[in-house]
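A.B. asks: can't give you the sequence, but here's the structure:
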Ligand code: OSB
Ligand code: MG
């Protein structure tokens, strides 16, 4: 297959509720979508970066330029036989994995559609239903947080993840544990702590958390290894793991016992699968992270999470938790027992809601090489 053309568009989607993490508040998303064209077939991808360079170094406007001026031109006109060959097309670009993954994942969708096969199957997925959790942003008060958790549990979600930051940690988690002694509970600091706060982080051990996600610096594995030696709760790395090599080094050092795989952060389906394989062979649990994706990114996450190594509930939840109306049909729904069922249509399996998509599109550009 040879990619002849790539259409880019930016959509703006307001979130149904603000999402607050240790690095800031998001009220609405500015998302880049790409559509790749080859021999009459198409594929869709979503760039998962945030609006500002606060989770990692990428941001909507920088990703637009990387896609338009570098990743797009490096992809167009090149002949590949298999979707595994898509990621290497943009290999000379350093970093910027979320921008590159938008094209890489679109090529996987295209390849699956060309073969009339669901993407989950092309990736080697096996799970018919994937277990789901929710990521709950920082709330105005503990009372508001407890109320929110109760509603999510009522919807069936199998695991609750709380965002934490200094000053909103020990006592907040204690309040949640007191109210919900049995639930699967995790916390995510998005790099808000340092080793200087090791005593506070150790006290979180008393809450029986499934894991603590990325407490220390976004690019660190050394200090995390030191911290893990002092904690009984497993550490899970998110921001620090960009590749299977990073996963290998982090595990070798003992920097974590669990890995959060995000398609964009690692550069797409091929690298995500390599990490899943590496971890599965070693009995290390992985789960799918989320980046407040719209339907296309969410559909790619669902396909990814059907692979057997994704044994822990992911941050993949129903469309209605994020949007008044998603850009795909059907919208993503969660079963009463907190799972999402994979679809058997070709490619990502969901249809694009074209009228909704056009309604939220604010700019477009076509790359022809
Ligand atoms: O660290 O997992 C994270 C959202 C934006 C940036 C980083 C993260 C998150 C989430 C949201 O936790 C997960 C979701 O999509 O619901
Ligand atoms: Mg995280």
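C.D. replies: Sure thing, it's come through. Quick caveat: nothing in here was measured; it's all calculated off a predicted structure. Ligands and ions are numbered 1, 2, ... in the order given.

A.B. asks: From here on, just use CA atoms for contacts and neighbour counts.
C.D. replies: Noted.

A.B. asks: Contacts for stretch 178-191 next, please.
C.D. replies: Contacts of stretch 178-191 with the rest of the structure, by C-alpha atoms under 8 Å, 6 or more residues apart in numbering, involve 21-23, 55, 146, 158-165, 208-218, 239.

A.B. asks: From those, list the ones also adjacent to ligand 1.
C.D. replies: With C-alpha under 6 Å from any ligand atom as the criterion, the contacts of stretch 178-191 include residue 55 near ligand 1.

A.B. asks: so of the contacts of stretch 178-191, which ones are in strands?
C.D. replies: Using DSSP state E, the members of these that fall in strands are 21, 160, 161, 162, 163, 211, 212, 213.

A.B. asks: what's the most distant pair in these?
C.D. replies: Using C-alpha to C-alpha, the ones in strands among the contacts of stretch 178-191 reach their maximum pairwise distance at 21 and 211, which is 17.3 Å.

A.B. asks: Those residues of this structure touching ligand 1, which are they?
C.D. replies: Applying the criterion C-alpha under 6 Å from any ligand atom, the portion of the chain that neighbours ligand 1 consists of 55, 135, 190, 289, 290, 291, 292, 293, 315.

A.B. asks: measure residue 198 to residue 258 for me?
C.D. replies: Computed as C-alpha to C-alpha, to the nearest Å, the residue 198 to residue 258 distance reads 19 Å.

A.B. asks: More neighbours: those two, which one.
C.D. replies: The neighbour comparison of residue 198 against residue 258 (other C-alpha atoms under 10 Å) goes to residue 258, with 24 against 15.

A.B. asks: Next, the contact list for residue 233, please.
C.D. replies: With contacts defined as C-alpha under 8 Å, 6+ apart, residue 233 is in contact with 205, 208, 209, 210, 211, 212.

A.B. asks: er, residue 248 actually
C.D. replies: Applying C-alpha under 8 Å, 6+ apart, we find residue 248 in contact with residue 278.

A.B. asks: With residue 349 instead?
C.D. replies: Contacts of residue 349 (C-alpha under 8 Å, 6+ apart): 118, 119, 299, 343.

A.B. asks: at 7 Å what do you get?
C.D. replies: Contacts for residue 349 were tallied using C-alpha atoms under 7 Å, 6 or more residues apart in numbering; they are 118, 343.

A.B. asks: Which of the three states applies to it?
C.D. replies: Using DSSP: H, G, I helix; E, B strand; the rest coil as the criterion, the local structure at residue 349 reads coil.

A.B. asks: of the contacts of residue 233, closest to residue 230?
C.D. replies: Taking C-alpha to C-alpha as the measure, residue 230 lies nearest residue 205 of those, at 9.9 Å.

A.B. asks: Quick check, pLDDT for the closest one.
C.D. replies: Model confidence at residue 205, given as pLDDT, is 98.

A.B. asks: and the closest residue to residue 278 other than its chain neighbours, what are its phi and psi?
C.D. replies: Spatially, and ignoring its direct neighbours in sequence, residue 278 is nearest to residue 244 (7.3 Å; C-alpha to C-alpha, 6 or more residues apart in numbering). Taking degrees, to the nearest 10, you get phi -70, psi -30 for the backbone angles of residue 244.

A.B. asks: Not counting stretch 52-68 itself, show me its contacts.
C.D. replies: Outside stretch 52-68, the residues touching it (C-alpha under 7 Å, 6+ apart) are 23, 30, 31, 32, 49, 50, 51, 96, 99, 100, 367.

A.B. asks: try it again with 8 Å
C.D. replies: So stretch 52-68 is in contact with 23-24, 30-32, 47, 49-51, 96, 98-100, 190, 218, 239, 367, going by C-alpha under 8 Å, 6+ apart.
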